[in-house]
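Turn this into a model:
(3 chains)
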Amino acid sequence: MFTTKVKSEVIKNLIDVTSPLVNEAKFSITQDGISLRAVDPAHVAMVSLTLNKEAFDEYKAQDMELGIDLDKLASIMRLASSGDVITLDHDDSKNQLVITIGNLTRRMALIDTAGMPDSKVPNLELPAKVVVKAGEISRGVKASESISDHLCLRVEKDLFNLSAEGDTDTVDLKLGKDSVEKIDTNDSYKSMFSIDYFYNMIKPVKPSDPLTISLGNDNPVRLDFSIASDNGSVTYLLAPRIETD
Amino acid sequence: MFTTKVKSEVIKNLIDVTSPLVNEAKFSITQDGISLRAVDPAHVAMVSLTLNKEAFDEYKAQDMELGIDLDKLASIMRLASSGDVITLDHDDSKNQLVITIGNLTRRMALIDTAGMPDSKVPNLELPAKVVVKAGEISRGVKASESISDHLCLRVEKDLFNLSAEGDTDTVDLKLGKDSVEKIDTNDSYKSMFSIDYFYNMIKPVKPSDPLTISLGNDNPVRLDFSIASDNGSVTYLLAPRIETD
Amino acid sequence: MFTTKVKSEVIKNLIDVTSPLVNEAKFSITQDGISLRAVDPAHVAMVSLTLNKEAFDEYKAQDMELGIDLDKLASIMRLASSGDVITLDHDDSKNQLVITIGNLTRRMALIDTAGMPDSKVPNLELPAKVVVKAGEISRGVKASESISDHLCLRVEKDLFNLSAEGDTDTVDLKLGKDSVEKIDTNDSYKSMFSIDYFYNMIKPVKPSDPLTISLGNDNPVRLDFSIASDNGSVTYLLAPRIETD
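Predicted coordinates:
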């Protein structure tokens, strides 16, 4: 059983967070909420998402898995206006997701989850932590896009630094104590990442929302932020690019 | 003679209504107003439009026909801002349409109407009638577009229903007595139509404007709505798709 | 030395004015301001631009030349929001332009100016002068675009006229004394010009800003307007198309 009412924005946000990495996803349903873990086809990035039942206007569910085509769900959600409360139900007999938006009922076939892998969030020790508004770093990522395909994140006492180097041009974003909400590190750490992936991961975060960045040396970066008015959370992991020169 | 002043919106609306079906159209001018009847090249749909002289700020005309390239007229109307009153005159000696927008005079050659057919609106008995705000059904049409190329309209006592079926997915829009302005039928009727054509026909109607839908069994659908602040009217006819399974 | 602070709009405007003619430009820097003169690759049009030091929030400079890739500078300026004050500095040791936007530092390689020609503004006697708001003529240029590739500018006592002729259609914009700010001529003059070039030259001018048009017979047209709140000025010259029929 899965019978819910929810603001369309919550589902749109869930799609925005997940679809940069995968086209199809397996949602795990319990009586407490929804969760999802997925790795992109190139095995470079992972998303882990939870949405508590408090994120829904109404929520009744038993344990089950829903395999969802995210592009299709996104196109259906575009039929809903912002502010619309929609219903999302599971039709057990037909294995369809039943979405109602006002007078409209849209039945969508689910994908067989048998072939979809279970991903585990790897246990990582990332010694440095920065909390920063997402909007503070997006300008640096956009600037880097036109000169390179990878960027460097670096943290030291009282400084978070995003930089990129092209053949002739450079980008350097320095956020000191005044520009971040928190820097927690005892040492200096840095790693390099694909700009495309990193940009896709900060895009779904509202510019004014705090983003927690966890960093090590030549280690993955971990991004944490909350969704659905703090009734849900997202964790991204992105593998580093190791410099070989 | 044809000498008029008119708000640019009235002409833009006339183009929006006609151009989905034909690129060129023959306008019949009388001293009482303008009318047009045209059938699309595939002979699936017809538009019949009248614009009373009251739709114009000034109107003086004698009987004549104007053959107009609608794409060209549309591109000229884009030069006018909303709220602009323009003049539309016929230059009898050069057989040109003379459009003035502010200080600009744009002379446009007319098309020879000799080869353009005269269409008659067929006499149809369509037993069921629904009056509904256009915005109520557009969500259903948009939802159907992604899963099929045809949709089914059905009317019965106290219910108007729009539905579409794909290989695995379905769309079902149910409008009861509360969601329509009027349902007038004694029996149940249904017919199927091309989504592309039907969508093009409801797009020019303002979401809050009432649309009258007349329906039979495996018969054309007839859509009626008014334009130019009730100083004009449009009738669309769309041939049904007959199910052959 | 070149060390400045400036509102991002001033630099964006400078790019808008220059980039329709050239992709790369040589800026001449003095202690009083910036200037630039460039001819398009087809040698049909010239832009001459000056930006006084008063256009900058802060300005310190010695004589030098900066060779700038305008597309690259435009993409960097898109990182700045309207209202942002940015810094533009020259790093003498690395020959880079250093742009800071908030916490972001973007270093951009400069282009070698050795191969870039010095253009001189030719000395032209253009007997007629019209001052008109740019917005008054843009509708005429847009209307002409769809029917021809050249337009005719004509000035006589109390009338400025822009016209174009296609195979079957015509455009005619007449601006009398009431629609222009000033007409200064003792005779009638006219010349023809490429619509594409002419359109590119009036596009960067704000519709409500006055534009001075200087005209002769089968002679170039000269357009003058000010930028940066009158702390800079632009002159365009466009060669005529001579009618050969």
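
Around chain B, pick out the residues from chain A.
Counting by C-beta under 8 Å from any C-beta of the partner chain, chain A comes close to chain B at A:72, A:75-76, A:79, A:96, A:101-109. Placement of C-beta: from N, CA and C, glycine included.

Pick out the residue of chain A closest to chain C.
Chain C sits closest to A:Thr168 of chain A, with a gap of 3.4 Å, by C-beta to the nearest C-beta.

That residue belongs to a helix?
No. Membership of A:Thr168 in a helix is not supported by DSSP: H, G, I helix; E, B strand; the rest coil, which gives coil.

Quickly list what the nearest residue to A:Tyr189 once chain neighbours are set aside is bridged to.
The spatially closest residue to A:Tyr189, leaving aside those adjacent along the chain, is A:Ala128, at 4.6 Å (C-beta to C-beta, 6 or more residues apart in numbering or on different chains). On the basis of DSSP bridges, A:Ala128 is bridged to A:Leu215.

Just read off the phi/psi values of the residue of chain A closest to chain C.
The phi and psi values for A:Thr168, taken as degrees, to the nearest 10, are phi -130, psi -20.

try A:Gly102
Per degrees, to the nearest 10, the backbone of A:Gly102 is at phi 60, psi -130.

So what's the residue count around it?
By other C-beta atoms under 10 Å in any protein chain shown, 17 other residues sit near A:Gly102.

ok, it touching B:Arg139?
Yes. With contact defined as C-beta atoms under 8 Å, A:Gly102 reaches B:Arg139; the gap is 6.9 Å.

nearest spatial neighbour of A:Ile34, skipping sequence neighbours?
Nearest one to A:Ile34, counting by C-beta to C-beta, 6+ apart, is A:Leu51 at 4.5 Å.

got the contact list for the one you found?
A:10, A:14, A:33-35, A:227-228, A:231-232 (C-beta atoms under 8 Å, 6 or more residues apart in numbering or on different chains).

Can you tell me which of these end up in helices?
Among those, the ones falling in helices (DSSP state H) are A:10, A:14.

is chain C contacted by stretch A:195-203?
No. Using C-beta under 8 Å from any C-beta, stretch A:195-203 stays clear of chain C, coming no nearer than 13.5 Å.

which residues touch A:Ser144?
A:Ser144 is in contact with A:151, A:162-164, A:171, A:195, counting by C-beta under 8 Å, 6+ apart.

what residues are up against the residue located most distally from the centre of chain A?
Distance to the chain centre peaks in chain A at A:Thr168, reaching 32.9 Å (criterion: C-alpha atoms, centre = their mean). By C-beta under 8 Å, 6+ apart, the contact list for A:Thr168 reads C:108-109.

ok, now how distant is it from C:Gln96?
8 Å (C-beta to C-beta, to the nearest Å).

Keeping just the C-alphas, turn stretch A:152-163 into PDB.
Only the C-alpha atoms of stretch A:152-163 are listed here, as PDB (Å, rounded to 0.1, in the frame of the first residue of the first chain):
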ATOM      1  CA  CYS A 152      39.900  22.100  -7.300                       C
ATOM      2  CA  LEU A 153      38.300  22.400  -3.900                       C
ATOM      3  CA  ARG A 154      40.600  23.300  -1.100                       C
ATOM      4  CA  VAL A 155      39.900  24.000   2.600                       C
ATOM      5  CA  GLU A 156      42.200  25.400   5.200                       C
ATOM      6  CA  LYS A 157      41.800  27.200   8.500                       C
ATOM      7  CA  ASP A 158      39.500  30.200   7.800                       C
ATOM      8  CA  LEU A 159      39.400  29.700   4.000                       C
ATOM      9  CA  PHE A 160      37.400  27.700   1.500                       C
ATOM     10  CA  ASN A 161      38.800  27.900  -2.100                       C
ATOM     11  CA  LEU A 162      37.400  26.800  -5.400                       C
ATOM     12  CA  SER A 163      39.800  27.100  -8.400                       C
END
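
That stretch - what's its average pLDDT?
For stretch A:152-163, the mean pLDDT works out to 97.

Return the closest of the contacts of A:Leu51 with respect to B:Pro41.
For the contacts of A:Leu51, the residue nearest B:Pro41 by C-beta to C-beta is A:Leu14; the value is 44.6 Å.

Tell me how many other residues crowd the residue nearest to A:Gly216 when sequence neighbours are not counted.
Using C-beta to C-beta, 6+ apart and skipping the chain neighbours, the partner closest in space to A:Gly216 is A:Leu126 (4.7 Å). A:Leu126: 17 surrounding residues under other C-beta under 10 Å.

where's A:Leu126, which helix or strand?
Assigned by DSSP states H and E, A:Leu126 belongs to no helix or strand.

where's the residue of chain A found nearest chain B relative to B:Ala143, distance?
Nearest to chain B, among the residues of chain A, is A:Ala109, at 3.5 Å (C-beta to the nearest C-beta). Applying C-beta to C-beta, the value for A:Ala109 to B:Ala143 is 15 Å.

Those two: which has the busier surroundings?
Higher neighbour count among A:Ala109 and B:Ala143: B:Ala143, with 26 against 17, using other C-beta under 10 Å.
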